[in-house]
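> A predicted structure for the sequence below; I have some questions about it.
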Amino acid sequence: MTTTAEDDRAGLSDTFASRRYFRKFEAITGHLGRVAGVLEAEGALDKTEVRVLTRYVQMLTFTFRALSMKYLMVGRDTGRFFGSLLIDTRDSGFPVATELMTMANDAQQAESHLANMPSEARLKDDMVRTIVSDRQIPTKLQFALSQRLYYQELLKGGLFWCRNDPDCQWLGNLGENRRRFLLHWAAYDSQTNLPVIYLMEVEDSGRTALPKDERRWPEAQAHLTAQALGGLKLLTIAKGFDEDFDDLHPKRLRRFHIGPMYSHAYTRQAGPLRQVLEDAAAPEGQDWALAWTQEDLHSERVVEERAGWFGKVEREVFALDPFAGRGAETGASLTERAIILPQRPFQVLAEQNPPGFASVRKFVVGDGGRVLRY
């Protein structure tokens, strides 16, 4: 691992370290799907919400898979310098946002790149010929194949980008001109280098259903996309939406921060988890912990305000966390923190019981990938 001029970023320039990193994240994203299943069984999430969250986790999986192809031959003499994966070692443990920005640009040109590359079958034939006839390791051909596989992954689509525009799920009708929708969108926060997922439950009192409204739906999408900033409080986002759209009524807004990822082998975060992972001395594949935070804001009641000479509009009054005045500080009704980690680090965490972790929900990966909550 080579450190850049910025202390919180490092390039994975070693082949084996890079591949272990991607295997680690492939396992972690798989476990996240099981965590969603546990939350559904508890009643904390419904089927629609699980399906939406699972979709974003799958998109993250595809993004990591594409990056793993791009950097498959990192550290090898390929005859061409192409850099190494930059990860945020201090704050997130995830790739830096510029990696996803570069990937989005590559995706726009993936088709033309593939058109000018030898086919996968031809590259494999040439590799066999180089090994058998020339008795050489076909490093350059392996690199060419890895880049072809990278562009093929980009062409398949369905990846998690820096900006993932809002989508809309119908939840049912409340009356003749009152419908419920779940709006969801996501972003890769460039400040924290973490994926962030938003879920907003909205009641629509417009004449035309929101997804079919050629004026309101594009405006709502643009509004929410512009507000997908981790530094904004949920209260700010919800109130802005409520005030900008008189016939769209946000009843609940949730934000999921996925990460940071802690690993004694890859990250240098401070705090109790670093010591836990160091003391656990877990084997390869179990040296990690993934934290995530859920912020939740819900409407407490509705008030009516005058609009124009004779009209009235509904405005939401949002409930804030009543404990110690933290609601005004966080801009949320509730903030929950959770962590998922393998069994051995969890045992060390339970033994050390560091301050601040009593209220953190713990999901432990056991034998066979089974996830249990503690």
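Right, received. Where do you want to start?

> C-alpha coordinates for the longest strand along the chain, PDB please?
As assigned by DSSP state E, the longest strand anywhere in the chain is strand 289-307. What follows is strand 289-307, C-alpha atoms only, in PDB (Å, rounded to 0.1, in the frame of the first residue of the first chain):
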ATOM      1  CA  ALA A 289     -16.100  -4.300  10.900                       C
ATOM      2  CA  LEU A 290     -18.700  -2.200   9.000                       C
ATOM      3  CA  ALA A 291     -20.600   0.600  10.800                       C
ATOM      4  CA  TRP A 292     -23.600   2.300   9.500                       C
ATOM      5  CA  THR A 293     -26.000   5.000  10.700                       C
ATOM      6  CA  GLN A 294     -29.700   5.500  10.200                       C
ATOM      7  CA  GLU A 295     -31.200   8.900  10.600                       C
ATOM      8  CA  ASP A 296     -35.000   9.000  10.800                       C
ATOM      9  CA  LEU A 297     -37.300  12.000  10.600                       C
ATOM     10  CA  HIS A 298     -41.100  11.700  10.700                       C
ATOM     11  CA  SER A 299     -44.000  14.100  10.600                       C
ATOM     12  CA  GLU A 300     -45.700  14.700  13.900                       C
ATOM     13  CA  ARG A 301     -48.700  16.600  12.700                       C
ATOM     14  CA  VAL A 302     -50.100  18.700   9.800                       C
ATOM     15  CA  VAL A 303     -51.000  22.500   9.900                       C
ATOM     16  CA  GLU A 304     -52.700  24.500   7.300                       C
ATOM     17  CA  GLU A 305     -51.200  27.700   5.900                       C
ATOM     18  CA  ARG A 306     -52.800  30.300   3.600                       C
ATOM     19  CA  ALA A 307     -51.800  30.300   0.000                       C
END
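
> Where does the prediction get shaky in the stretch 151-300 of the chain?
Judged against pLDDT under 70, the stretch 151-300 of the chain has no low-scoring part.

> Run me through the strand neighbours of the next helix or strand after the longest strand of the chain, direction for each.
Using DSSP states H and E, the helix or strand that follows strand 289-307 in sequence is strand 311-319. When pairs are called by DSSP bridges, strand 311-319 turns out to pair with strand 289-307 (antiparallel).

> where's the longest strand of the chain relative to the chain centroid, distance-wise?
Put simply, strand 289-307 sits 20 Å off its chain's centre (C-alpha atoms, centre = their mean, to the nearest Å).

> Okay, buried residues for that strand please.
Buried positions in strand 289-307, judged by neighbour count with 16 or more other C-beta atoms under 10 Å: Ala289, Leu290, Ala291, Trp292, Thr293, Gln294, Glu295, Asp296, Leu297, His298, Ser299. Every C-beta, even on glycine, is put in place using the N, C-alpha and C of the backbone.

> which residues of the stretch 1-150 of the chain fall in strands?
Per DSSP state E, counting those that start in this stretch, the stretch 1-150 of the chain carries strands over the ranges 2-3, 9-12, 85-88.

> sorry, back to before: same list, the buried residues of strand 289-307, but as TSV with distance to Asp279 please.
Formatted as TSV, these follow (distance: C-beta to C-beta, whole Å):
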residue	distance to Asp279
Ala289	13
Leu290	18
Ala291	18
Trp292	23
Thr293	24
Gln294	28
Glu295	31
Asp296	33
Leu297	37
His298	40
Ser299	45
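
> so Val50 makes contact with Leu39?
Yes - with contact defined as C-beta atoms under 8 Å, Val50 reaches Leu39; the gap is 7.3 Å.

> The two: who's more crowded?
Set Val50 next to Leu39 and count neighbours by other C-beta atoms under 10 Å: Leu39 wins out with 20 against 17.

> Leaving out chain neighbours, which residue sits closest to that one?
Take Leu39 and drop its neighbours on the chain: the residue closest to it by C-beta to C-beta, 6 or more residues apart in numbering is Leu45, 4.5 Å away.

> can you tell me how far Gly366 sits from Ile87?
As judged by C-beta to C-beta, to the nearest Å, Gly366 and Ile87 stand 27 Å apart.

> ditto for Gly271
18 Å.

> So the two - more neighbours on which side?
Using other C-beta under 10 Å as the criterion, Gly271 and Ile87 rank with Ile87 on top: 25 against 11.

> Which pLDDT value goes with the residue lying closest to the more buried one once chain neighbours are set aside?
Spatial nearest neighbour of Ile87, chain neighbours left out: Pro95 (5.4 Å); criterion: C-beta to C-beta, 6+ apart. At Pro95, the model reports a pLDDT of 95.

> With Ala332 instead?
In this model, Ala332 carries a pLDDT of 93.

> And Met73, by the same measure?
In this model, Met73 carries a pLDDT of 85.

> Spatially nearest residue to it, not counting backbone neighbours?
Phe143 is the one closest to Met73 (C-beta to C-beta, 6+ apart), at 4.5 Å.

> again, but for Asp126
Here the residue nearest Asp126, using C-beta to C-beta, 6+ apart, is Leu141, at 5.4 Å.

> go on, Asp46?
That would be Glu40: by C-beta to C-beta, 6+ apart, it lies 7.1 Å from Asp46.

> In contact with the closest residue to Tyr71 other than its chain neighbours: list those residues for me.
Sequence neighbours aside, Leu85 is the residue nearest to Tyr71 in space, at 4.8 Å (criterion: C-beta to C-beta, 6+ apart). By C-beta atoms under 8 Å, 6 or more residues apart in numbering, the contact set of Leu85 is Gly11, Leu12, Ser18, Tyr21, Leu67, Lys70, Tyr71, Val74, Pro95, Glu99.
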